[in-house]
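Chemist: structure for the following, please:
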Amino acid sequence: MARHRRTPWTTAQMPAQDGRRFVVTGATGGLGLELTRALATAGAEVVVAVRDTAKGEAGAERVRRTGAPGRIEVRWLDVADLGSVHAFASNLDRLDVLVNNAGIMAVPESRTVDGFESQIGTNHLGHFALTNLLLPRLHDRVVVVSSASHRSGTIEVDDLDFARRGYVPYAAYAQSKLANLLFLAELDRRLAATGSDVRAVGAHPGYTATGIHGGTGNKAFTRLGSLGNALIGMKPSQGAQPLLYAATGDLPGNSYVGPHGPGELLGHPTLVGRSEMANDPDLASALWRKSESLTGVTFPL
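Modeler: So this is what the prediction gives:
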């Protein structure tokens, strides 16, 4: 494995992806669709795993019209529904890379089909279950998409639903993004302990102009997010580059990629750090055990 410096990566360094199969969750628009476009352009086969298959097909068709040589297949998946996760995983055979991209941000308090707080359920628990179910058929890596917001997050393993703390939308989002990085670290540790060739890596898109702010139910927050998108937000094609680097680059396990600029908000992909809590191995192990208990899905290797 090559040594790595904190120097920006560009798509010109991405090798051809012919013959490789990717699953990208949440790829009806924004980062997921841009990632799908870049991978298909490089020759990859991409399984677009989405809740709205009609919207997924529309996005896939836009990519096909660019002349991208890679094949795109749209399949239904709702990561906020463990029944959907099991059904999707049972009908998928070989794959090289799983990109856990789907997510929601700072939404009003609600519950998933399985009764989990919606942000921890969607952003973490659904992808936790999906990853473990697919690991026996995975050949290269898992990409976990987090956020710079994880730095403001705290996590209480016995109160993931905020029942005791009282629900605060952005705090629940930050917790879920911290959970992503704890999951990343523990997953890679477990893979390495088994001698697996599969690795886990992470990425975040910095400040990218997507529609994720629109689901908060808070008009002021939505207006502020839209203004920020217009003034400084990176285009999704640039914001997707850290994800693309994590999915295709020569990176060691447990790497974390984000923009190189101040505050990791803007710029080109490079290796970045994470919070002290995100590096806590005991917390990562405790969250893993809790996630297994809640989802009924265990590490298969």
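
Chemist: the helices in the stretch 101-250 of the chain, which residues?
Modeler: Taking DSSP state H, counting those that start in this stretch to define them, one finds helices in the stretch 101-250 of the chain at 118-120, 126-134, 169-194, 219-231, 236-239, 241-248.

Chemist: nearest residue to the residue located most distally from the centre of the chain in space, please, no chain neighbours.
Modeler: What lies farthest from the middle of the chain is residue 164; by CA atoms, centre = their mean that is 27.4 Å. Nearest non-adjacent residue to residue 164, counting by CB to CB, 6 or more residues apart in numbering: residue 156, 7.6 Å away. Any C-beta I mention is one placed from the backbone N, CA and C, and that applies to glycine too.

Chemist: again, but for residue 42
Modeler: Computed as CB to CB, 6+ apart, the closest residue to residue 42 that is not its neighbour in sequence is residue 17, at 4.1 Å.

Chemist: and residue 81, by the same measure?
Modeler: In space, residue 81 is closest to residue 113, 4.2 Å off (CB to CB, 6+ apart).

Chemist: the one you found: neighbour count?
Modeler: Residues near residue 113, counting by other CB atoms under 10 Å, number 13.

Chemist: cool, the one 10 residues further on as well?
Modeler: Around residue 123 sit 27 other residues, with neighbours defined as other CB under 10 Å.

Chemist: check residue 65 too.
Modeler: Burial measure for residue 65: 8 neighbouring residues, criterion other CB under 10 Å.

Chemist: hang on, the earlier thing: wasn't the residue nearest to residue 42 part of a strand?
Modeler: No: applying DSSP: H, G, I helix; E, B strand; the rest coil, one finds residue 17 to be coil, outside a strand.

Chemist: how near is it to residue 248?
Modeler: Residue 17 sits 7 Å away from residue 248, taking CB to CB, to the nearest Å as the criterion.

Chemist: tell me which of these two has more neighbours.
Modeler: More crowded of residue 17 and residue 248, by other CB under 10 Å: residue 248, with 26 against 23.

Chemist: just give the nearest non-adjacent residue to that one, would you?
Modeler: Excluding the flanking residues, the one nearest residue 248 by CB to CB, 6+ apart is residue 14, at 5.1 Å.

Chemist: tell me how far the one you found lies from residue 245.
Modeler: Using CB to CB, residue 14 is found at 8 Å from residue 245.

Chemist: with residue 109 instead?
Modeler: Using CB to CB, one gets 35 Å for the distance from residue 109 to residue 245.

Chemist: more neighbours: the two, which one.
Modeler: Higher neighbour count among residue 109 and residue 245: residue 245, with 27 against 15, using other CB under 10 Å.

Chemist: quick check: the gap between the more buried one and residue 263.
Modeler: Distance from residue 245 to residue 263, by CB to CB: 19 Å.

Chemist: ok, now residue 97?
Modeler: Per CB to CB, residue 97 is found 28 Å from residue 263.

Chemist: and if you look at residue 90?
Modeler: 42 Å.

Chemist: swap in residue 184?
Modeler: Here the criterion is CB to CB. By it, residue 184 lies 21 Å from residue 263.

Chemist: more crowded one of these two?
Modeler: More crowded of residue 184 and residue 263, by other CB under 10 Å: residue 184, with 27 against 12.

Chemist: next, the contact list for residue 299, please.
Modeler: 132, 135, 190, 288, 292 (CB atoms under 8 Å, 6 or more residues apart in numbering).

Chemist: same list (those) but as a markdown table, adding distance to residue 56 and neighbour count.
Modeler: What follows is the contacts of residue 299, written out as a markdown table (distance: CB to CB, whole Å; neighbours: other CB atoms under 10 Å):
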| residue | distance to residue 56 | neighbour count |
| --- | --- | --- |
| 132 | 24 | 23 |
| 135 | 24 | 20 |
| 190 | 31 | 17 |
| 288 | 31 | 22 |
| 292 | 30 | 15 |
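
Chemist: closest to residue 198 out of these?
Modeler: Residue 198 lies nearest to residue 135 out of the contacts of residue 299, by CB to CB, at 6.9 Å.

Chemist: please name the nearest non-neighbouring residue to that closest one.
Modeler: Nearest non-adjacent residue to residue 135, counting by CB to CB, 6+ apart: residue 300, 5.3 Å away.

Chemist: kindly report the same for residue 76.
Modeler: Residue 76 sits nearest to residue 53 (CB to CB, 6+ apart), 5.2 Å away.

Chemist: just the pLDDT at that neighbour, thanks.
Modeler: In this prediction, residue 53 carries a pLDDT score of 97.

Chemist: could you check how far residue 244 is from residue 67?
Modeler: For residue 244, the distance to residue 67 equals 19 Å [CB to CB].

Chemist: same check on residue 165?
Modeler: As judged by CB to CB, residue 165 and residue 67 stand 51 Å apart.
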